[in-house]
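> no sequence for this one, just the structure:
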Ligand code: NAP
């Protein structure tokens, strides 16, 4: 192959929306490059990076489950992601070096960049990989108290302390406090997973509800927030946001974000 390309790797990988997102932007910008899905097993990860490091047409890759932590072993980490988020979702080439980074925190932040969260109380539901990137972003925004609800409360407490955030860790299902921002960073509400059972009554009228689950796009949580006429952010906003940061790193061009409506339609059709 002589064409420049980037790809997304994972196991499984066929469900990934990344080829559709990057392919849309490449087409819109008329960039002669390809972005594809590549199935890579945990045993094959080392060989994958060795082969791609030797391929001058490879611009980099996005990384999805289950490789986000394991991939750190094969890259340099100038941004210190290992010691903060602890997982990478993007690898790019710099000369002979493979550089790992994480665009999930930036992708989470982009849709709420206009909010002033300084000193505000936030509730995060979930304490997995995505929640780590989100708590990292919140720690940089100077938020006030952070409540983390999770099935495994110990994981929630560990997450809070690893980012030096003030707050509390409580079991899933605990009545919610009147927070300014509520984020679902758990798998609950995703297709094939149990729903997130939650009562939004305690939220003030100007609260924002952010669900990072994107399949389905309108989760039950977002439907409840809409019924209360609360402001909402859905999972495609974060997905497109993290992809946009990676796209610039791969192809050196800003994606056409003024075409997001068209892109969202493509991703949901
Ligand atoms: P993960 O590391 O596997 O974490 C899963 C989280 O969900 C944990 O907090 C886990 O609780 C909780 N959970 C899972 N099943 C549960 C159940 N049956 N009952 C109660 N809690 C349950 O996954 P992740 O990578 O953080 O991803 C979480 C979700 O975010 C997924 O739906 C994923 O698709 C979505 N996501 C979206 C974006 C985006 O760009 N929009 C980016 C990343 C992820 P325990 O800790 O107690 O196990």
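Arrived safely. The shown structure was predicted, so the numbers you read here are calculated from the model rather than taken from an experiment. Residues are numbered from 1 along each chain as shown.
> So which bits of the protein are right by the ligand?
Within the chain, the positions adjacent to the ligand are 104, 107, 126-131, 150-152, 155, 172, 185-188, 190, 193-194, 212-214, 235, 238-239, 242 by Cβ under 6 Å from any ligand atom. Bear in mind the C-beta positions are built from the backbone N, C-alpha and C, glycine included.
> show me the contacts for the residue sitting nearest the centre point of the chain.
With distances taken as Cα atoms, centre = their mean, the residue of the chain nearest its centroid is residue 104 (3.6 Å). Applying Cβ atoms under 8 Å, 6 or more residues apart in numbering, we find residue 104 in contact with 85, 89, 130, 133, 134, 238, 242.
> Count the residues that sit near the fourth one.
If I follow you right, that is residue 133. As a burial measure, residue 133 scores 29 neighbours (other Cβ atoms under 10 Å).
> likewise the first one?
The burial metric for residue 85, expressed as a neighbour count using other Cβ under 10 Å, is 25.
> Got the phi and psi for the residue nearest to the centre of the chain?
The phi/psi pair for residue 104 (degrees, to the nearest 10) reads phi -70, psi -40.
> rewinding a little: quick check: the farthest pair among the contacts of residue 104?
The distance between the two most remote of these (Cβ to Cβ) is 14.4 Å, for 85 and 238.
> just to revisit the earlier point, nearest residue to the residue nearest to the centre of the chain in space, please, no chain neighbours.
residue 133 (3.8 Å; Cβ to Cβ, 6 or more residues apart in numbering).
> What separation do you get for that neighbour and residue 44?
Separation of residue 133 from residue 44 (Cβ to Cβ, to the nearest Å) stands at 25 Å.
> Ok, residue 222 next?
Using Cβ to Cβ, one gets 37 Å for the distance from residue 222 to residue 44.
> which of the two has more neighbours?
Ranked by neighbour count (other Cβ under 10 Å), residue 222 and residue 44 place residue 222 first, with 22 against 15.
> residues touching that one, list them.
By Cβ under 8 Å, 6+ apart, the neighbours of residue 222 are 209, 211, 232, 234.
> Same check on residue 231?
206, 207, 208, 209, 225 are the contacts of residue 231 under Cβ under 8 Å, 6+ apart.
> is it true that the second one touches residue 183?
When you say that, I think you mean residue 207. No. Counting by Cβ atoms under 8 Å, residue 207 stays clear of residue 183, with 11.2 Å between them.
> Between the two, tell me which one has more neighbours.
residue 183 (28 against 22).
> tell me the pLDDT at the more buried one?
Residue 183 carries a pLDDT value of 98.
> Next up, the contacts around the residue in the stretch 101-250 of the chain positioned nearest to the ligand.
Residue of the stretch 101-250 of the chain nearest the ligand, by Cβ to the nearest ligand atom: residue 128 (1.9 Å). By Cβ under 8 Å, 6+ apart, residue 128 lies in contact with 155, 185, 186, 187.
> Which of those sits closest to residue 258?
Using Cβ to Cβ, the contacts of residue 128 come closest to residue 258 at residue 185, 28.2 Å.
> pretty sure the closest one contacts residue 125?
Yes. With contact defined as Cβ under 8 Å, residue 185 counts as touching residue 125 (6.4 Å).
> could you dump the contacts of residue 104 to JSON lines with secondary structure?
Listed next are the contacts of residue 104 as JSON lines, based on DSSP: H, G, I helix; E, B strand; the rest coil:
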{"residue": "85", "secondary structure": "coil"}
{"residue": "89", "secondary structure": "coil"}
{"residue": "130", "secondary structure": "helix"}
{"residue": "133", "secondary structure": "helix"}
{"residue": "134", "secondary structure": "helix"}
{"residue": "238", "secondary structure": "helix"}
{"residue": "242", "secondary structure": "helix"}
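> show me where the protein has strands.
4-10, 33-39, 58-63, 90-94, 97-101, 122-125, 146-150, 167-171, 181-184, 208-211, 231-233 (DSSP state E).
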